[in-house]
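Novice: sequence plus the predicted model coming up.
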Amino acid sequence: MMEVTRSRRRLLFFGLTFITSIIASLLMLDILRANSLTALEAMSLVLFFGLFTWISGAFWTAIVGFVIRLKGGDTGVIQAHDADGLFIHSRIALVMPVYNEDPRRTTAGLDAIWTSLSAQSESAAFDLFILSDTRKSDIAVAEEAAWRRLVAKHGGQGRIFYRRRAQNTSRKSGNIADFVRNWGAAYTHMIVLDADSVMSGKALVTLARLMDAHPDVGIIQTAPLPVGRETLFARMVQFGARLNGPMLSSGLAFWQLGEANYWGHNAIIRLQAFAGYCDLPRLPGKPPLGGEILSHDFVEAAFMRRAGYQVWLIPDLMGSWEEVPSNIIDFAARDRRWAQGNLQHMKVLTMPRLHWLNRLHMITGILSYSTSPMWFAVLVLSSIITCQEAIQGYQYFESGTHTLFPVWPEYRDGEIAALLLATIVVLLLPKVLGATLAMMHGARRRAFGGGPRLVISLLLEQIFSMLLAPPMMVFHTTFVLTTLAGKPVTWNAQDRGDRGVTFGDALVRHRWQILLGIIWGAVILTFAPRFIWWMMPVLAGLLLSAFLTLISSRANLGLALRRMGLLLTPEETSPPPELALMQRALARESADVMPAASALALVVRGDTLQTPTLAPLRMEPSKLDHRVAPPPA
């Protein structure tokens, strides 16, 4: 019965997606071939089909999610309330890998998590591990000091542990694997946290109960909501994600079912299955496309499903949060790392016995960045075609023919209007639906600032997104091309504060985008000035990119809009106890938490501090992976 449901749902979703893109592409074909189809137009048509399929998938995911939210839930997926009345029969490790992070922020988050968890009746089933890969000695000393204060505050001896590796082999995935190999056998499940993660005790207990109740499930992924940042950029991202994220998560869960994806954090994992099947191989070749797998989460989900365990996304589980970069530059830097990691998946796709939906997840991850060069190519091709037509004019008499009658140009005004309207609907309707769900309930509407302010916030966020799209398109295009050209990324710690960007820094980072906008606009004005109005959204985003980065990185502007009741989220209007506790803990922290330099010796050696007795769980790459590199000599 479940297989029938899976087939029907996926047939419905993918059928609607491809029918939508085929209809749009046929309209485009009718427009282009009206006056004969050139080679450049044929190329743009192929790209258009791929791109419209991409946005159609997001469109129908939103439609499905909207219907599910209207109905009040989806009985075909695992839901949070399924855990009501159940008990935990397992041991769970909370693990937070850290790498050169600010210990004040990570400890404040862990303090909030542990306080919330301690209020749950089954909190004794959980232990906490801080898994440090920090390379900077002063930060490492501060981490140890913060850990000791956390243990003292909560009486966490034997429950809250800190370990720092001497060598950070394989980055985050290696850090997790080291925990599994040393202590994995002592626990049934682990819940992986990022350095910016916050989760409620109720959410943690619910995850553990659901895993105990479903022994055929290997990973349960929550849908973390972005919170905590105050810059204009971050608050726009938080508003958009909070308004539409739950709806989109419901849509994803509808068609993914037990073949969902893993996002690397705020998720629970069955340890025996993870150790047995999810150790990562080295990819053949050199970085950036070979070597260690950077975007490990997609691959671990695929390996878990290949082993016969299901992976589920739980869209209705509240109490799971994360943070976003505070400005466009840091946002793009994170995307640069993710772009390389996702492009590596081209070598994973050929591994045997992966579920087709996991392969699709990887293709989707690759397309999330490679669609940018596709959009860029479409825009360049359309500009070239328009300029050519403006320079040459319409040829009423075909070359080489002898006829008294001209070939009159044909126009497809109706088809052009229909295609333009369809594109606008596909792009904008998901946001309208998210706002509609918020407007339909009084409490939810007030949580976003009320109806009028919600509408104004939606318009602000949409204008900002429209202007941001062209510079991000150029960023992503550059990331893809440099990765394919063999330039690996430097994997540094993410700046998680409300960092403002100076105008000089913004100008340096966007200089080539501004120059591109000037040259592009000048060419259009020279050869096809009437086309400039169609290109203005793209050109405006490029020309204003430095200014956009500058003003959107300002926390004072974000806070000013907050005081005006704009871009509000429910977590701002009525902060959950965990987030409020974290903010109070951060406010109490001294600006200097570094202990005396004499304490350095404790940590520089990479000594294991207070940790439980070793309980090894063996991990090794699956022999099924034929496209792996031999182990290093």
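Specialist: On my side now, so go ahead.
Novice: can you list the buried residues in stretch 161-171?
Specialist: Residues 161-165, 168, 170-171 are the ones in stretch 161-171 that count as buried (16 or more other C-beta atoms under 10 Å). (C-beta placed from N, C-alpha, C; glycine too.)
Novice: where in the chain is pLDDT low?
Specialist: Judged against pLDDT under 70, the low-scoring parts of the chain cover residues 1-2, 34-35, 393-413, 491-496, 589-610, 621-633.
Novice: quick check, central residue of it?
Specialist: Centrality entry for the chain: nearest residue to the mean C-alpha point is residue 263, 7.7 Å, by C-alpha atoms, centre = their mean.
Novice: mind listing what the residue nearest to residue 217 when sequence neighbours are not counted touches?
Specialist: On the basis of C-beta to C-beta, 6 or more residues apart in numbering, the spatially nearest residue to residue 217 that is not a chain neighbour turns out to be residue 310, at 4.8 Å. Under the criterion of C-beta atoms under 8 Å, 6 or more residues apart in numbering, the neighbours of residue 310 are 214, 216-218, 258-259.
Novice: quick check: of these, which has the highest neighbour count?
Specialist: Per-residue neighbour counts (other C-beta atoms under 10 Å) across the contacts of residue 310 peak at residue 218, which has 30 neighbours.
Novice: which ones are touching that residue?
Specialist: Contact partners of residue 218, counting by C-beta under 8 Å, 6+ apart, are 269-270, 273-274, 304-305, 307, 309-311.
Novice: now render those residues as TSV, adding distance to residue 434 and secondary structure.
Specialist: Written out in TSV, the entries for these read as follows (distance: C-beta to C-beta, whole Å; DSSP: H, G, I helix; E, B strand; the rest coil):
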residue	distance to residue 434	secondary structure
269	30	strand
270	33	strand
273	35	helix
274	34	helix
304	31	helix
305	29	helix
307	36	coil
309	32	coil
310	28	strand
311	25	strand
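Novice: closest one of those to residue 615?
Specialist: Within the set of those, residue 274 lies nearest residue 615; the separation is 14.5 Å, counting by C-beta to C-beta.
Novice: tell me how far that closest one lies from residue 75.
Specialist: Spatial separation of residue 274 from residue 75 under the definition C-beta to C-beta, to the nearest Å is 29 Å.
Novice: do the same with residue 242
Specialist: 25 Å.
Novice: one more: residue 94?
Specialist: Here the criterion is C-beta to C-beta. By it, residue 94 lies 30 Å from residue 75.
Novice: of those two, who's got more company?
Specialist: Under the criterion of other C-beta under 10 Å, the comparison of residue 94 against residue 75 puts residue 94 first, with 23 against 8.
Novice: hang on, that one packs against residue 127?
Specialist: Yes - distance between residue 94 and residue 127: 7.0 Å, which falls inside the contact criterion (C-beta atoms under 8 Å).
Novice: give the helix, strand or coil label for the closest residue in space to residue 186 that isn't next to it in sequence.
Specialist: The spatial neighbour of residue 186 that comes closest, neighbours along the chain excluded (C-beta to C-beta, 6+ apart), is residue 615 at 3.7 Å. Three states are possible here, and by DSSP: H, G, I helix; E, B strand; the rest coil the one that applies to residue 615 is coil.
Novice: same check on residue 22?
Specialist: Three-state call for residue 22 (three-state DSSP): helix.
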